[in-house]
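Novice: Fold the following and give me the result.
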Amino acid sequence: MRWLRPLGVYLAAAVVTTWPLVLHPRSLLGATTGPGDPYLNLWILGWGMQTVLSNPAALVNGAVFNANIFYPARGTLAYSDHLLLQSVLLAPLYAITHDVVLCYNALLLASLVASALAMHLLVRSVVGTEPGAYLAGLAWGFGSYRFAHLIHLQLQSLYFLPLTFVFLHRLMAGRRTRDVVLLGVVAALQAISSVYYGIIGGLALVAGGLALAVGIGRWRNTAVLKRLAYAATLAAVLVAPVAALYANVAQREGFGRNLYEAGRNAAIVSSYVQVPPGNVLYGRTGLLHPQGPERELFPGFVLIALALVGAWRGWRGDARATVLAMIAIAVLGFVLSLGPDGVRPFYAAVHRFVFGLSAIRAPARFSVLVLFALCVLAAHGIRRIDPRIAIVLVAVAAVEWLYVPPMLAAAPSLHTDVGQWLAQDSAQGPVAVLPLGLDIDATPAMVQSLEHRRPIVNGYSGQRPDFYRPLAETINTFPSREALAALHDARVRFVVTREPIAPSEPSEPTEPYQERARLADGVIYELVWTPELETRLAATAILEPPAPGSVPFKVGELAQYKVNWGGAGVNLSAGDISIGVEGPQFRFVVKATTPSRDARICVRRAGTRRSLRANRRRRECRERRDAADVAAGARRHCRAVLRANAAVTGRRPCAISGERSWTERCRRAGGRRRGTHFRGRNEH
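Specialist: Below is the predicted model of the structure:
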């Protein structure tokens, strides 16, 4: 009975803030948009639940991570959060209903309620106030941060973080082995349920644990330090298999986020007074303007005021240790949420030395630690207030957080004609659904693949392999010779197009693609390769080198390349590289130009010429280093493309696109480049 009332309150809050999802759990999706991250998480959840039911051993041997997107890449489930813990819990519901949309919505509602109950338990255990527990539970489970990230199902798994601090307090206060084990297990579950919150929660535990130990005067206590070390070791052992798999995939594919990319998704100070558009009091009225999902972090005026009161009262009273821990967590979360544009040396050091932080795309999500600390401090602030006034304050705060989504997305169709045909056909082989999308437009094909579970070339995730963009751009020209060669080398069996392909003339050679089905939502072609067709394809791919001759380069000739940092949802200009021929002597001149944003550190005005000269020298050193970094990045990208092509085709390509003409012309000139001179320059 003690927990029925909070459960009822939080269930009602979940129903109101996601209305009318509870009325249409099969036809609506608990997100404001469809294609994109909601479809990605829908596919991740469906893939995990299907694997749990059909091949449970795949969870043990890691085969579940070899998902069916981005064929022929491996370990593609590790390109984003895997949601395997949630998939295991929801597998029974999926076995009964076979409805992944229903499971998605059930997970969303359960995450909101479970997070609120977890914070309710923390405040009730540590602070000992019932109104404060409701205040903190509603803020944690239904605040602005939640609904700013409504499209990110993986970011709703905040139910373990409050529990880690429940057992941290118990570990500090007692000597029970059970608390050590529970702290280690719950911290590991937090990391397994979400990669982001594994890193964020781990840093919060370190900062909060040290501050708590200092606050109670036990930071030198050997017994406490040993118990913390045992809990950390247990958590590390439980997380190690998943962390090692993610690390291997990141190393193999070259994944990682640089500081500039992190800065694009960092919070700014004004983000803490911005709300999602669906906020009834501030968003719909226009009082606080939204800045995008990563920068809508407003915790509420009532919560902030009560947190300040709680910090003051707790510091002067019997809760100094808890207040110190929450202040440390809030400061850590606030500083890291500002990303590299905040306290840059600190963020750069953490980014470099903390395992997994290089995978953080959006530092603004560290703001969840600020919200966490405010919830606990506000509970301290309301603890000694008259219960009737406290209830009024909780109601006013709830009005501040009240959120009603402007519109929920329609659920995708889980049964399509193309999906059913591919599921029933006995011929095995990968599928390419055209056009191959380079961003969120690839997600409908991913959801459709849950019906047939064949490998598909299409893909969208937090990361993507280097070969995907050039491969997709080539295959999208189907039925060109280049597309057929790429499909043949990738061993793709079926191609799905929106419209039929014009049949070839009787006098033309036979093509390898044969129409198998013409359905309402697409046309399916099967690629059938005979020895004759393969021989003809190989003949068109052979390039005969030209015969040696005179020097083919002319003075003034120029080749220009644009260098981009590419990735999932990322296409940043890294600069330009030009290779030119200058006279009167025959020589190459290489110039690298980086964009102006990489030269943020400018010469500051100084009072003396000496300081100006020193700053100028430092700027010139940085410019030379930036130019070298651009060239090195281009070389690394070229090598990655060559390795990816070799993995797909089984043979080593002689040159990458853009280099072939220069290489052949150098060979024609006798294999030498006389008087070659390389010169780097950084222009702003």
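Novice: Let me see the contact set for residue 213.
Specialist: 172, 219, 221, 224 (Cβ atoms under 8 Å, 6 or more residues apart in numbering). For every residue, glycine as well, the C-beta is placed using N, CA and C.
Novice: The last one contacts residue 172, correct?
Specialist: Yes - counting by Cβ atoms under 8 Å, residue 172 is a contact partner of residue 224 at 6.5 Å.
Novice: Residues that sit against both of the two, list them.
Specialist: Joint contacts of residue 224 and residue 172 (Cβ under 8 Å, 6+ apart) are 213, 218.
Novice: Now for the contacts of residue 213: which two are most distant?
Specialist: 172 and 219 (10.5 Å; Cβ to Cβ).
Novice: More neighbours: these two, which one.
Specialist: Applying other Cβ atoms under 10 Å to residue 172 and residue 219 shows that residue 172 carries more neighbours, namely 20 against 14.
Novice: list the helices and strands the helix or strand hosting that one packs on?
Specialist: For residue 172, the host element (DSSP states H and E) is helix 161-173. Helices and strands touching helix 161-173, by 3 or more Cβ pairs under 8 Å, 6 or more residues apart in numbering; DSSP states H and E, are helix 100-126, helix 177-193, helix 195-215, helix 222-253, helix 367-382.
Novice: most packed of the ones you listed?
Specialist: helix 367-382 (a mean of 28; mean count of other Cβ atoms under 10 Å).
Novice: Output the contacting helices and strands for the helix or strand following that one.
Specialist: The element immediately downstream of helix 367-382 (helix or strand, assigned by DSSP H and E) is helix 387-401. Using 3+ Cβ pairs under 8 Å, 6+ apart as the contact criterion, the elements in contact with helix 387-401 are helix 130-142, helix 301-316, helix 367-382.
Novice: 7 Å - rerun?
Specialist: helix 130-142, helix 301-316 (3 or more Cβ pairs under 7 Å, 6 or more residues apart in numbering; DSSP states H and E).
Novice: could these be laid out in a markdown table, adding mean pLDDT and mean neighbour count?
Specialist: Shown next, in a markdown table, are the helices and strands packed on helix 387-401 (pLDDT from 0 to 100; neighbours: other Cβ atoms under 10 Å):
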| stretch | mean pLDDT | mean neighbour count |
| --- | --- | --- |
| helix 130-142 | 95 | 27 |
| helix 301-316 | 94 | 19 |
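Novice: could those go into a markdown table alongside distance to residue 67?
Specialist: Output for the helices and strands packed on helix 387-401, formatted as a markdown table (distance: least, Cβ to Cβ, whole Å):
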| stretch | distance to residue 67 |
| --- | --- |
| helix 130-142 | 31 |
| helix 301-316 | 40 |
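Novice: Point out the one among the ones you listed that comes closest to residue 235.
Specialist: helix 130-142 (22.0 Å).
Novice: Please tell me how far the helix or strand following that closest one is from the chain's geometric centre.
Specialist: Using DSSP H and E, the helix or strand that follows helix 130-142 in sequence is helix 144-148. Its chain's C-alpha centre and that of helix 144-148 lie 17 Å apart, by Cα atoms, centre = their mean, to the nearest Å.
Novice: Averaged pLDDT, helix 144-148. What do you get?
Specialist: Mean pLDDT, helix 144-148: 92.
Novice: hang on, the earlier thing: okay, the angle between the helix holding residue 172 and helix 100-126?
Specialist: 30 degrees (axes from the mean of the first three to the mean of the last three Cα atoms, to 10 degrees).
Novice: outside of helix 161-173, which residues touch it?
Specialist: 118-119, 121-122, 125-126, 179-180, 182-183, 186-187, 190, 197, 201, 205, 208-209, 212-213, 216, 218, 224, 227, 231, 372 (Cβ atoms under 7 Å, 6 or more residues apart in numbering).
Novice: Please tell me how far residue 54 sits from residue 400.
Specialist: With distances taken as Cβ to Cβ, to the nearest Å, residue 54 is found 46 Å from residue 400.
Novice: ok so, going back, can you put the helices and strands packed on helix 161-173 in JSON lines and add mean pLDDT and distance to residue 428?
Specialist: Output for the helices and strands packed on helix 161-173, formatted as JSON lines (pLDDT from 0 to 100; distance: least, Cβ to Cβ, whole Å):
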{"stretch": "helix 100-126", "mean pLDDT": "96", "distance to residue 428": "24"}
{"stretch": "helix 177-193", "mean pLDDT": "94", "distance to residue 428": "33"}
{"stretch": "helix 195-215", "mean pLDDT": "92", "distance to residue 428": "33"}
{"stretch": "helix 222-253", "mean pLDDT": "92", "distance to residue 428": "26"}
{"stretch": "helix 367-382", "mean pLDDT": "95", "distance to residue 428": "45"}
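Novice: about what we covered before: closest to residue 420 among the contacts of residue 213?
Specialist: residue 172 (57.6 Å).
Novice: Return the per-residue confidence for the closest one.
Specialist: Predicted confidence (pLDDT) for residue 172: 87.
Novice: In contact with the closest residue to residue 149 other than its chain neighbours: list those residues for me.
Specialist: Leaving out its chain neighbours, the residue that sits closest to residue 149 by Cβ to Cβ, 6 or more residues apart in numbering is residue 155, at 4.5 Å. Taking Cβ under 7 Å, 6+ apart, we find residue 155 in contact with 149, 194, 196.
Novice: now residue 539
Specialist: So residue 539 contacts nothing (Cβ under 7 Å, 6+ apart).
Novice: cool, residue 521 as well?
Specialist: 416, 417, 418.
Novice: Give me the pLDDT for the second one.
Specialist: The confidence metric pLDDT takes the value 94 at residue 417.
Novice: Would you confirm that it contacts residue 517?
Specialist: No - with contact defined as Cβ atoms under 7 Å, residue 417 and residue 517 do not form a contacting pair (8.2 Å).
Novice: Low-confidence regions, the protein specifically.
Specialist: 1, 504-509, 541-543, 551, 565-572, 584-586, 595-684 (pLDDT under 70).
Novice: if you take the average position of it, which residue is closest to it?
Specialist: With distances taken as Cα atoms, centre = their mean, residue 462 lies nearest the centre of the chain, 3.9 Å away.
Novice: give me the element it is part of.
Specialist: Going by DSSP H and E, residue 462 is not in any helix or strand.
Novice: was I right about it contacting residue 77?
Specialist: No - contact criterion Cβ under 7 Å: residue 462 and residue 77 do not qualify, at 10.9 Å.
Novice: residue boundaries of the strands in this structure?
Specialist: 28-29, 409-410, 431-433, 494-497, 513-519, 522-527, 558-567, 570-582, 587-593 (DSSP state E).
Novice: same for the longest one, what does it pack against?
Specialist: Spelled out, it's strand 570-582. Going by 3+ Cβ pairs under 7 Å, 6+ apart, strand 570-582 lies up against strand 558-567, strand 587-593, helix 609-649.
Novice: what does the third one give?
Specialist: Using 3+ Cβ pairs under 7 Å, 6+ apart as the contact definition, the elements that strand 431-433 packs against are strand 494-497.
Novice: got the buried residues for the strand it packs on?
Specialist: 494, 495, 496, 497 (16 or more other Cβ atoms under 10 Å).
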